[in-house]
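Asker: Give me a model of this one.
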Amino acid sequence: MAITYTGTTRNYTELAEIQAELYQSSFTLAEGVVDIQPGHKSGTDVYESKVSVTMSAFNTGSVTATGNIGLAVQKTPVSLVGFNYEDTINPNTLKGTRFEKSMKAGAFNIVSDEFDRKILIEIEPAIGEDIESKLWNGATTATKAAIAALTPGAGQGSITAAAQTAVAAMPTTLFDSFVTRILYNNSQSKTIPGAGLGDYIKVTGTTVTSANIAAEYGKLYAGAPVKVTSNQKKRGVIFAPLSDFALIKVANNAVGAAQQINFLIEGAEGNEKVYYNGHRIYFHPLGATFRIFTMPEYLKVLMDAESDLNTLQTGMMPAGSMEMFVKNTQSIATWVTNQRYITLYGG
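Answerer: Numbers count the residues shown, from 1 in each chain. Predicted coordinates for the structure are as follows:
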């Protein structure tokens, strides 16, 4: 990782504040909007249970085997994916800049305290932004190939051709995003266990604009099971693309006789909470094709340790090198449970 410096290399007066990049932090992990499960190692078993009951006629005699109560438990091992963010940097590039002022005396001392405090510290939020992006938008090479091999169709139980196209255009990543896990997984709890299409509820999508966003959310809402839309104890939530936030604002503030307030927006100045028909909408980098409506605990992030996100190792390279190393190591996998209660717009 080369330090790229643009500008003159003489120390004149300068503004005290360095204008930092704007980062989209990992809201998913920081706020726990889905089910975060730390402390797992690769091969973690994820369990699901299903219970079914059938009423029978009144009986004062002995209980016999009726088969009227069904108890089912399935487990699926989920492997975590380990990955690094790592590189070397050469602080000698900073000679002749403002950062040289904080270097200790001596030709070998080229580490700048100010550079560490104001620039190097920005690596962590950049990593958070990248993780956030990959949790919602991305697929491994293997999953892309598997989804491309599926036969598309119009009805439930088949993927749309538009979803296949969207997955093919996703960034190729080291672990699958929630969207691709919903579309394709090897859960033993599906109607047909093992690798293949997910058991999600499909709602066919289109290009969403401020003019049609209310109608398209209506399709998503109407397509979801009543256990998600009408559950009084747990509230299903909608996970939407970041771009929907602006479209909702525009739709709610349309001028003219056709104006309708289709979305409830509470708060202002970055503290807004947005709802559709009483269900909270969370905005994430899904890409424009997909929206997810489900119980948030059915979307899971399995990871070794939450602290890995904020752990950045730095130090000098060996053998007398004047270069430094920077390294962050993590292990993560996404998973989905209770797939029959996950509605995927655009799937």
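Asker: Give me the number of neighbouring residues for Glu132.
Answerer: 20 (other C-beta atoms under 10 Å). C-betas here are computed from N, CA, C, even on glycine.
Asker: How about the secondary structure of it?
Answerer: Three-state assignment for Glu132 (DSSP: H, G, I helix; E, B strand; the rest coil): helix.
Asker: Looks like it contacts Thr28 (just checking).
Answerer: Yes - counting by C-beta atoms under 8 Å, Thr28 is a contact partner of Glu132 at 5.8 Å.
Asker: Now do the shared contacts for those two.
Answerer: Taking C-beta atoms under 8 Å, 6 or more residues apart in numbering as the criterion, Glu132 and Thr28 both touch His284.
Asker: Am I right that Tyr217 sits in a helix?
Answerer: Yes - assigned with three-state DSSP, Tyr217 falls within a helix.
Asker: Please name the residues that touch the closest residue to it other than its chain neighbours.
Answerer: Nearest non-adjacent residue to Tyr217, counting by C-beta to C-beta, 6 or more residues apart in numbering: Tyr276, 5.2 Å away. Contact analysis of Tyr276 by C-beta under 8 Å, 6+ apart lists 217, 221, 238, 262-264.
Asker: tell me what the helix or strand hosting Glu124 is packed against?
Answerer: In this assignment (DSSP states H and E), Glu124 forms part of helix 123-136. If contacts are counted by 3 or more C-beta pairs under 8 Å, 6 or more residues apart in numbering; DSSP states H and E, helix 123-136 sits against helix 27-31, strand 81-89, helix 178-183, strand 279-284, strand 324-336.
Asker: out of those, deepest packed?
Answerer: Per-stretch averages of neighbours, counted by mean count of other C-beta atoms under 10 Å, single out helix 178-183 among the helices and strands packed on helix 123-136, with a mean of 27.
Asker: gap between the two ends of stretch 276-296?
Answerer: End-to-end distance of stretch 276-296 (C-alpha to C-alpha, to the nearest Å): 16 Å.
Asker: give me every residue that touches Val78.
Answerer: Neighbours of Val78 in contact, by C-beta under 8 Å, 6+ apart: 43-46, 302, 333, 335.
Asker: Can you turn the buried part of the contacts of Tyr276 into a ChimeraX selection?
Answerer: Burial among the contacts of Tyr276 is assessed by 16 or more other C-beta atoms under 10 Å; the matching ChimeraX selection reads:
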select :217,221,238,262,263
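Asker: Make TSV out of the contacts of Tyr276 and add secondary structure, pLDDT and distance to Gly205.
Answerer: What follows is the contacts of Tyr276, written out as TSV (DSSP: H, G, I helix; E, B strand; the rest coil; pLDDT from 0 to 100; distance: C-beta to C-beta, whole Å):
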residue	secondary structure	pLDDT	distance to Gly205
Tyr217	helix	98	11
Tyr221	helix	97	13
Ile238	strand	98	13
Asn262	coil	91	17
Phe263	coil	95	18
Leu264	strand	93	23
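Asker: Out of the contacts of Tyr276, which comes closest to Val179?
Answerer: Of all those, Ile238 has the smallest distance to Val179: 13.7 Å, by C-beta to C-beta.
Asker: Name whatever forms a beta bridge with that closest one.
Answerer: Ile281, Phe293 (DSSP bridges).
Asker: quick revisit: weed out the non-buried ones from the contacts of Val78.
Answerer: By neighbour count, with 16+ other C-beta under 10 Å, these hold 44, 46, 302, 333, 335 as buried.
Asker: Just flag the most distant two among these.
Answerer: Checking the buried ones among the contacts of Val78 with C-beta to C-beta, the most distant pair is Val46 and Ala333, at 9.7 Å.
Asker: Now list whatever residues contact both of these two.
Answerer: 78, 302.
Asker: Now the host helix or strand of Val167: buried residues?
Answerer: Taking DSSP H and E as the criterion, Val167 maps to helix 161-169. Neighbour-count burial for helix 161-169, counted by 16+ other C-beta under 10 Å, picks out 162-164, 166-167.
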